[in-house]
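# Prediction below, plus the sequence it came from.
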Amino acid sequence: MRCSRPVALRVGLLIVAASVLAPPARTQSCPPVTQPYFLFQVDRRAVYIPDSTQSPHPAAPRLSRVDTEAALVQFVVDSLGVPRPASFKVLAARDPAMAEAARVMLPRWRFRPAQLGECRVPQLVQTPLDP
């Protein structure tokens with residue numbers, strides 16, 4: 001079956017016109033962030049990515065009593081999922097050696113970054129360390 005030249009030309013012009021006149025794809029621009037977000041402010045929290053690093057590592061999410069944990073630490077995870085060592089704080093420590101080991105291991109940890117809408121944002125993370 002042969003297509004006549006005027007029909008093929010019209011179809012080609014319709015395709016070009018549709019692509020030119022189509023509304024532009026919506027792109028979401030993420031505003032610059034000056035302060036890290038708290039857990040209650042994000043849509044998806046920062047999550048530790050288990051890997052080959054050795055203990056101490058963040059405890060798995062669970063319901064537990066604070067007195068069973070060796071230490072409770074706080075730090076900022078940036079929008080790339082990398083913890084900021086300068087933000088590390090020990091909030092409680094039954095085992096100061098465990099808290100210090102966490103400070104040393106912190107640069108090796110990786111997280112899936114927190115999200116607010118479609119934007120990756122830094123988040124203040126508080127996590128217990130298991131003995």
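On my side now, so go ahead.
# Quick check: next helix or strand after the lowest-mean-pLDDT helix or strand in the chain?
Per-element confidence for the chain was summarised using mean pLDDT, DSSP states H and E. The lowest value among helices and strands belongs to helix 5-21, with a mean of 65. Past helix 5-21, further along toward the C-terminus, the next helix or strand under DSSP states H and E is strand 47-48.
# What strands line up against that next one, and which way round?
Pairing partners of strand 47-48, with direction, according to DSSP bridges: strand 111-112 (antiparallel).
# Which other helices and strands does the helix or strand following the partner strand contact?
The helix or strand immediately downstream of strand 111-112 is strand 114-116, counting by DSSP H and E. Contacts defined by 3 or more C-beta pairs under 8 Å, 6 or more residues apart in numbering; DSSP states H and E place strand 114-116 against strand 119-121. Bear in mind the C-beta positions are built from the backbone N, C-alpha and C, glycine included.
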